[in-house]
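In: The following comprises the amino acid sequence and a computationally predicted model.
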Amino acid sequence: MKSWITPRNAFVAALLAILVLLPVYAALTGNTFMMTLFTRIVILAIAAVSLNLIMGFGGMVSFGHAAYLGIGGYVVGILAKEGINAGLVQWPLALLLSGLFALAVGALSLRTRGVYFIMITLAFAQVVYYIANGLDRYGGDDGLTIQRRSEFGGLVNLSNRTAFYYLCLAFLLATVYLVWRIVNSRFGLVIQGARSNERRMRAIGFPTFRYKLVCFVIAGVLCGLSGVLLANHTNFISPALMHWTRSGDLIVMAVLGGMGTVFGPVIGAVALLVLEETLPHVIGLASYLVTGKEVAAAKEYWQLILGPMLLLIVLYARGGIDGLMAGTRRG
Amino acid sequence: MAEGLLSVDGLTKRFGGVVASDDVRLDVTRGELHAIIGPNGAGKTTLIGQLAGEIVPDAGRIHFDGHDITALPVHGRSLMGLARSFQITSLFPHFTALENVALAVQAHAGHSFRFWGDARQETSLREPARAALERVGIAHRADTIVANMSHGEHRQLELAMALATGPRILLLDEPMAGLGADESSRMVKTLRGLKRDLTILLIEHDMEAVFALADRITVLVYGRVIASGDPASIRANAEVRAAYLGEQEAVTHV
């Protein structure tokens, strides 16, 4: 057996320690912005991990994964607007609808592959996006403010910033663990085999379609959970939740962090969202150093830095940040 | 005609104007090694494709062990005991050799909607997989990633995967393709061993191997069966010699 103490594992441990201790730091410094940012990171990491299950392990590149964020979020928002705040009603219904949507999308899209698969998943997500746009009672394209977060009696108070953060973190860790168990199970090997060589999988006796479909549904449900949490976090839903660029962000998180491992997308989510916050400041600073005064407009071009970074990762580190540290990439 | 383990009747497949299978009739008897030979473009691989279920025939029926399997999907045929190997190596390159074969075992060990246990630790999958690797002589390479193995080892692994499904008939599509002389003779030895326990349908270009192994030979030319019989009668068949063996005389010592 290899030693558990590797640079990669040390990095993962450090990242986990940061995530666990963040509320302590925020409380000591009074930095609520950090709490808001990292709650968002943790929630979107769940979505990225769920996408990675189908994309990284199953080879199913879904370009409509944000639809589940929307479905999860809108179930919470719509029910709250109609006066149903009970989490035990909202959440199971959100997960159920996410799963059913995944079942419908998967049943159609998994009959195709490559670009067609990507386009069909995108098309379905766009349909949901425009439906949300048309829901005038629920704010249409302006969105809808959620007056009260989901309620769980006296069990947990989601309006407590720290409690909510730890709840999200617990869901993230549970999701990572679940996906880790799945990819190493019999089911997971079938999914990975189908990504590697579907023709051979059928020839040795696997009806691959139904396994891929179930995997697609699991990923949809997990991402629906992310949507539920996101709506509770922002107290707001709008069609922007499931804009196609959001699906793109999730793909970027998985690729950036590393698709070959279960934890990679968590790294990717942290990296992408932290860069999104810090790169504008970096550019601002650079403009100050060059011109002697800060050029506010320059900050808008932070993606000029992110783009080449992504390009370098994709070109030279196929396993993402996680793969860079591990030095190898397993299939 | 006696009912074979695998019997094909009137199988026809057209690709545009090309008739790849033309009213093919074929009977593979239990326990025999039945070889199919024919020049390039004779429709051998198309025939295997139809037997395995990847290609849907335009007409004709395929019976396996008394059941009509013409409409059965690929995985269903595998579960019935019909295993194939591929002419162009078709493996899981990022898995180890053992993991490749263990997947084939797993396919026949009940459904795989098991989400929790670590499948790589299951001895009920690993042991039969190891046995299959041993049978083809590459057990010592069990933990090697397939992408790092040689072509010859890939050919043997192809065979091990087909074996691991516990087949009643093996459809082998050119198992010697691309092998050197040494590797070829090792493969012939392996096949001779398998022949004792299994029914085998062998498609092969290597005439020396075919005449060394086959109990019966069917000759396919332009999608049509022009002759079928034991090796001696095929050797003597004038039409076969004209169509095919003439160019191979030096090899087969007719």
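Out: Okay, I see it.
In: For chain A, what's its nearest residue on chain B.
Out: Going by C-beta to the nearest C-beta, chain A is nearest to B:H94 of chain B, at 2.1 Å. (Each C-beta comes from the backbone N, C-alpha and C, glycine too.)
In: Remind me which helix or strand the most centrally placed residue in chain B belongs to.
Out: Centroid-nearest residue in chain B, with C-alpha atoms, centre = their mean: B:L172, separated by 1.5 Å. Using DSSP states H and E, B:L172 sits in strand B:169-173.
In: what's the answer for A:R200, then?
Out: Under the criterion of DSSP H and E, A:R200 resides in helix A:186-203.
In: elements contacting the following helix or strand past that helix?
Out: Sequence order places helix A:208-234 as the next helix or strand after helix A:186-203, per DSSP H and E. Identification of packing neighbours for helix A:208-234 by 3 or more C-beta pairs under 8 Å, 6 or more residues apart in numbering or on different chains; DSSP states H and E yields helix A:32-52, helix A:66-81, helix A:87-109, helix A:161-184, helix A:186-203.
In: in the chain, which segments are predicted with low confidence?
Out: All of this is about chain A. Scanning chain A for pLDDT under 70 picks out A:1-2, A:327-331.
In: other chain: chain B
Out: Where chain B drops to pLDDT under 70, the residues are B:1-3, B:244-254.
In: Quick one: closest of the helices and strands packed on helix A:208-234 to A:V266.
Out: Closest of the helices and strands packed on helix A:208-234 to A:V266 is helix A:32-52, at 4.6 Å (criterion: C-beta to C-beta).
In: Need the nearest residue in space to the spatially most central residue of chain A, chain neighbours excluded.
Out: Residue closest to the average C-alpha location in chain A (C-alpha atoms, centre = their mean): A:A47, at 2.3 Å. Excluding its sequence neighbours, the residue lying closest to A:A47 (C-beta to C-beta, 6 or more residues apart in numbering or on different chains) is A:S226, at 3.9 Å.
In: Check the gap between the one you found and A:Y68 for me.
Out: Shown here: A:S226 relative to A:Y68, a distance of 7 Å by C-beta to C-beta, to the nearest Å.
In: got it, and B:A59?
Out: 46 Å.
In: same deal with A:G319?
Out: Per C-beta to C-beta, A:G319 is found 26 Å from A:Y68.
In: Please identify the residues of the stretch 1-150 of chain B in proximity to chain A?
Out: For the stretch 1-150 of chain B, the residues in contact with chain A (C-beta under 8 Å from any C-beta of the partner chain) are B:52, B:54, B:73-76, B:78-79, B:83-84, B:86, B:90-95, B:99, B:103-104, B:106-108, B:112-120, B:122, B:145.
In: near chain B, which residues of the stretch 101-250 of chain A?
Out: Neighbours of chain B within the stretch 101-250 of chain A, by C-beta under 8 Å from any C-beta: A:181-182, A:184-190, A:192-193, A:196-197, A:199-208, A:211, A:214.
In: Just give me the neighbour total for A:Q147.
Out: 11 (other C-beta atoms under 10 Å in any protein chain shown).
In: Surely it touches A:A80?
Out: Yes. Judged on C-beta atoms under 8 Å, A:Q147 makes contact with A:A80 at a distance of 6.5 Å.
In: Give me the more crowded residue out of A:S226 and A:Y68.
Out: A direct count of neighbours by other C-beta under 10 Å for A:S226 and A:Y68 places A:Y68 higher, at 37 against 31.
In: Who are the contact partners of the more buried one?
Out: The neighbourhood of A:Y68, defined by C-beta atoms under 8 Å, 6 or more residues apart in numbering or on different chains, consists of A:47, A:50, A:98, A:101-102, A:220-221, A:223-224, A:226-227.
In: next one: B:T199
Out: Contacts for B:T199 (C-beta under 8 Å, 6+ apart) come out as B:5-6, B:28-34, B:168-170.
In: A:R246 now?
Out: Taking C-beta under 8 Å, 6+ apart, we find A:R246 in contact with A:66, A:69, A:240.
In: again, 7 Å this time
Out: Contacts for A:R246 (C-beta atoms under 7 Å, 6 or more residues apart in numbering or on different chains) come out as A:66, A:69.
In: Next up, phi/psi of it, please.
Out: Phi and psi for A:R246, reported as degrees, to the nearest 10, are phi -70, psi -40.
In: State the number of residues packed around residue 196.
Out: Because you didn't say which chain, this covers chain A. 19.
In: that's the other chain; I wanted chain B
Out: Under the criterion other C-beta under 10 Å, the count of neighbours that B:R196 has is 8.
In: Now for the closest residue to A:A286 other than its chain neighbours: which residues touch it?
Out: In this structure, A:A286 finds its nearest non-sequential neighbour in A:A298, 7.5 Å apart by C-beta to C-beta, 6+ apart. Neighbouring residues of A:A298 by C-beta under 7 Å, 6+ apart: A:283-284, A:287.
In: Also B:M161?
Out: A:204, B:100-101, B:104.
In: Check A:A254 too.
Out: So A:A254 contacts A:48, A:51-52, A:55-56, A:264-265, A:268 (C-beta under 7 Å, 6+ apart).
In: repeat that for 8 Å
Out: Shown in contact with A:A254 (C-beta under 8 Å, 6+ apart): A:48, A:51-52, A:55-56, A:264-265, A:268, A:320.
In: So which of those reach chain B?
Out: Counting by C-beta under 8 Å from any C-beta, nothing from the contacts of A:A254 sits close to chain B.
In: Now for the residues you listed: which two are most distant?
Out: That would be A:L51 and A:G320, which, of these, are the farthest apart (C-beta to C-beta) at 13.3 Å.
In: In the stretch 151-254 of chain B, what residue spans correspond to strands?
Out: B:169-173, B:199-203, B:216-221, B:224-229 (DSSP state E, counting those that start in this stretch).
In: Distance to A:N232 for those strands - can I get that in JSON lines?
Out: Converted to JSON lines, those look like this (distance: least, C-beta to C-beta, whole Å):
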{"stretch": "strand B:169-173", "distance to A:N232": "57"}
{"stretch": "strand B:199-203", "distance to A:N232": "62"}
{"stretch": "strand B:216-221", "distance to A:N232": "67"}
{"stretch": "strand B:224-229", "distance to A:N232": "70"}
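In: Go through these and name the closest to A:G307.
Out: strand B:169-173 (46.8 Å).
In: same for the closest one, what does it pack against?
Out: helix B:44-52, strand B:82-85, helix B:151-164, strand B:199-203.
In: Contacts made by the first one with the rest, please.
Out: Which is helix B:44-52. A:203, B:6, B:8, B:11, B:13, B:20-21, B:24, B:26, B:36-38, B:55-57, B:62, B:74, B:77, B:82, B:84, B:87, B:171, B:173, B:201, B:203, B:220, B:223.
In: Can I get the buried part of these as one ChimeraX selection?
Out: Entered in ChimeraX, the line below selects the buried ones among the contacts of helix B:44-52, by 16 or more other C-beta atoms under 10 Å in any protein chain shown:
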select /A:203 /B:6,8,11,13,20,21,24,26,36,37,38,55,57,62,74,77,82,84,87,171,173,201,203,220,223
